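Pasting the sequence and the predicted coordinates here, then a few questions.
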Amino acid sequence: MTSVALGALLAAAGAGAWDWPQWRGPARDAVGGAAPAAAAWPAELTRRWRSEVGAGQSSPVVSGTTAFVFTREGEMEVARALDLETGRLRWRQGYPAPYRIYPGAAAYGSGPKSTPVLHEGRLFTLGIGGVLSCFAAADGRLLWQEDFEGRFKETAPPFGTSMSPLVVRDLLIVHAGGHDGGALIAFDPATGAEKWVLEGDGPSYSSPILASLDGQEQVVIQVHRKILGVEPSSGRVLWSLPFVTPCDQNIVTPLQAGDLIIASSVDRGTLGIRLDRRDGEWIPRVAWHTQQVSLYLSTPVLAGGRVLGLSHRKRGQYFAIEPTTGAVQWKSEPGQGENAAFVRAGESVLVLQGDGTLIVLPTDGGSFSPLRRYPVADSQTYAHPIPTRSGILVKDEAGLALYAVVPGPASGR
């Protein structure tokens with residue numbers, strides 16, 4: 001494919017088709033955008049721009065021609081809007097957010113870790129210490145804010161708040177609190193007024209999804225020591241399944257695969273949960289469970305009818321699982337690293353490794369066979385690579401960069 005044809009492919013969709021408004025994309029399943037055909041990835045990516053934006057592991061979000069990023073600058077947490085084409089700053093808004101790092105988390109920095117969510121002209125952020133903020137997406141005005149100080153014993157779990165807020169129609173859903181107590185809370189996005197509260201379990205480091213199971217929408221979330229299904233309109237618990245991990249490290253976001261919920265955590269293996277409905281009650285049962293692969297920091301993605309992910313076993317192994325049976329179809333060589341962020345775009349899966357390497361995998365590969373490897377950062381990376389109509393956004397330790405898939409004007413900015 002020529003570079004002209006490739007450029008046409010990447011520019012074909014309208015702005016809305018390229019929006020990436022929240023954690024793991026439009027449907028929260030790490031699927032979005034488009035990409036070249038498998039054979040058309042270039043030998044190199046061209047960096048169009050890079051902007052210093054501050055520290056943190058939060059992923060960028062995109063609406064139209066604007067990229068938004070949420071970071072730390074010293075004792076401030078800062079939201080920014082940048083022009084997607086040039087990287088130029090459109091607005092910057094911050095607030096004081098001093099944070100004392102838990103000693104065991106020092107290597108991961110002082111955040112923020114939660115990815116913002118865009119909804120109806122508002123940008124919602126959740127800081128590492130649990131501060132929830134609402135900004136006007138057009139100009140950065142702070143519209144409302146809640147810090148939960150005094151409401152819970154702790155406003156964040158020991159390794160810092162990591163759950164990314166979820167919008168379900170007219171509700172903004174956030175899990176607030178600390179290690180041993182908190183609440184899942186639904187807010188009015190416009191005013192910050194609370195609509196319902198589910199008190200009890202403290203938050204984990206996982207983020208909720210909106211699943212549709214047997215015709216009913218459910219917020220599915222891994223909390224402190226269990227997995228919950230919650231009715232989004234009322235906060236009523238539909239079902240609960242114990243899920244306890246060493247040091248309470250529920251980090252992986254649940255993944256829906258047909259009528260199954262795929263869940264995993266450190267040293268717990270990977271399991272498929274099926275929900276039965278009897279006399280109006282939801283009954284969760286483990287349909288399959290494999291100890292061959294187990295996820296720690298990375299959430300998997302569905303691609304080519306399989307679950308692709310990075311197991312923490314053997315110092316990191318990529319794998320593919322058949323989602324209905326849990327059969328492991330292939331595993332890579334060991335030693336692949338601690339963390340990788342997965343995004344499916346067209347016929348390819350983009351994998352941003354923790355060492356700053358972007359790997360391109362085919363969706364239907366029968367083994368771990370990267371199509372390309374691109375160096376895109378000189379520092380550790382935790383955020384998702386975001387496919388946009390202008391290229392691929394990469395958040396590194398302190399900067400945000402845009403990489404074009406076809407040759408174009410490069411910038412050292």
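Received the coordinates, thanks.

Can you tell me how far residue 92 is from residue 52?
12 Å (Cβ to Cβ, to the nearest Å). In this view, the C-beta of every residue, glycine as well, is placed from N, C-alpha and C.

So between the two, which is more surrounded?
Taking other Cβ atoms under 10 Å, residue 92 and residue 52 do not tie; residue 92 has more neighbours (14 against 11).

what's across from the more buried one in the sheet?
Residue 92 forms beta bridges with residue 80, as assigned by DSSP bridges.

how close does it get to residue 273?
Using Cβ to Cβ, we find residue 92 at a distance of 42 Å from residue 273.

What of residue 260?
In this view, residue 260 and residue 273 are 6 Å apart by Cβ to Cβ.

which of the residues in the helix or strand residue 90 falls within are buried?
Assigned by DSSP states H and E, residue 90 belongs to strand 89-96. By neighbour count on 16 or more other Cβ atoms under 10 Å, the buried set for strand 89-96 is 90, 91, 93, 94.

Redo the residues you listed as CSV? Include distance to residue 288.
Output for the buried residues of strand 89-96, formatted as CSV (distance: Cβ to Cβ, whole Å):
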residue, distance to residue 288
90, 48
91, 48
93, 47
94, 46
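
Name the pair among those residues with the greatest separation in space.
90 and 94 (14.8 Å; Cβ to Cβ).

Next, the residue nearest to residue 130 when sequence neighbours are not counted: phi, psi?
Leaving aside its sequence neighbours, residue 130 sits nearest to residue 155 (Cβ to Cβ, 6 or more residues apart in numbering; 3.6 Å). Main-chain torsions, residue 155, degrees, to the nearest 10: phi -100, psi 0.

Verify the contact between residue 155 and residue 127 for me.
No - at 9.4 Å, residue 155 does not count as touching residue 127 under the criterion of Cβ atoms under 8 Å.

Identify the contacts common to those two.
When contacts are counted by Cβ atoms under 8 Å, 6 or more residues apart in numbering, the set common to residue 155 and residue 127 consists of residue 161.

More neighbours: these two, which one.
Neighbour tally, residue 155 and residue 127, criterion other Cβ under 10 Å: the higher count belongs to residue 127, 26 against 20.

dump the residue contacts of residue 28.
Counting by Cβ under 8 Å, 6+ apart, residue 28 touches 22, 166, 207, 209, 210, 253.

What is the nearest of these to residue 110?
Nearest to residue 110 out of the contacts of residue 28 is residue 207 (Cβ to Cβ; 19.4 Å).

for the strand or helix carrying residue 275, the distance to its chain's centre please.
Assessed by DSSP H and E, residue 275 sits inside strand 270-278. Its chain's C-alpha centre and that of strand 270-278 lie 23 Å apart, by Cα atoms, centre = their mean, to the nearest Å.

Now that strand: buried residues?
Within strand 270-278, the residues scored as buried using 16+ other Cβ under 10 Å are 270, 271, 272, 273, 274, 275.

if we can go back for a sec, when you check the contacts of residue 28 against the strands, which ones overlap?
Mapping the contacts of residue 28 onto strands (DSSP state E) picks out 166, 209, 210.

which of those lies closest to residue 298?
Among the ones in strands among the contacts of residue 28, and counting by Cβ to Cβ, the member closest to residue 298 is residue 209, at 15.6 Å.

what about the strands in the stretch 1-150 of the chain?
46-52, 61-63, 66-73, 76-83, 89-96, 117-119, 122-126, 132-136, 142-146 (DSSP state E, counting those that start in this stretch).

What pairs with the first one, parallel or antiparallel?
The sheet places strand 46-52 alongside strand 399-404 (antiparallel), with pairing taken from DSSP bridges.

low pLDDT regions in the stretch 301-413 of the chain?
Within the stretch 301-413 of the chain, the stretches with pLDDT under 70 are 406-413.

ok, which stretches of it are strands?
Using DSSP E, counting those that start in this stretch, strands in the stretch 301-413 of the chain cover 301-303, 306-311, 317-321, 328-331, 340-345, 348-353, 357-362, 372-375, 386-388, 391-395, 399-404.

Can you mark which positions in the fourth one are buried?
Using 16+ other Cβ under 10 Å as the burial criterion, the residues of strand 328-331 that qualify are 328, 330, 331.

just the fifth one next, same as before
Of the residues in strand 340-345, those with enough neighbours to count as buried (16+ other Cβ under 10 Å) are 340, 341, 342, 343, 344, 345.

The fifth one and residue 93, how far apart?
The span separating residue 344 from residue 93 equals 32 Å under the rule Cβ to Cβ.

got it, and the last one?
When distances are taken as Cβ to Cβ, residue 345 and residue 93 turn out to be 30 Å apart.

Please tell me how far the residue located most distally from the centre of the chain sits from residue 292.
Distance from the C-alpha centroid of the chain, by Cα atoms, centre = their mean, peaks at residue 279 (35.4 Å). According to Cβ to Cβ, residue 279 and residue 292 sit 36 Å apart.

do residue 405 as well
Taking Cβ to Cβ as the measure, residue 405 falls 34 Å from residue 292.

Between the two, which has more neighbouring residues?
Comparing residue 405 with residue 292 by neighbour count (other Cβ under 10 Å), the higher total belongs to residue 405, at 22 against 15.

Surely residue 18 is in contact with residue 392?
No - counting by Cβ under 8 Å, residue 392 is not a contact partner of residue 18; they are 11.5 Å apart.

can you map out the strands along the stretch 151-300 of the chain?
Ranges of strands in the stretch 151-300 of the chain, per DSSP E, counting those that start in this stretch, are 166-168, 171-178, 181-187, 194-200, 209-213, 216-222, 226-230, 237-242, 255-257, 260-264, 270-278, 281-290.

so the second one versus strand 132-136, what angle?
Taking axes from the mean of the first three to the mean of the last three Cα atoms, to 10 degrees, one finds strand 171-178 and strand 132-136 inclined to each other by 140 degrees.

Show me which residues of stretch 287-295 are buried.
Using 16+ other Cβ under 10 Å as the test for burial, stretch 287-295 gives 287, 288, 290, 293, 294, 295.

Just list the residues touching the fourth one, thanks.
Same thing as residue 293. Neighbour list for residue 293: 264, 269, 270, 309, 311, 313, 317, 319, 321, 328, 331 [criterion: Cβ under 8 Å, 6+ apart].

which of the residues you listed count as buried?
The neighbour count (16+ other Cβ under 10 Å) marks 264, 269, 270, 309, 311, 313, 317, 319, 321, 328, 331 as buried among these.
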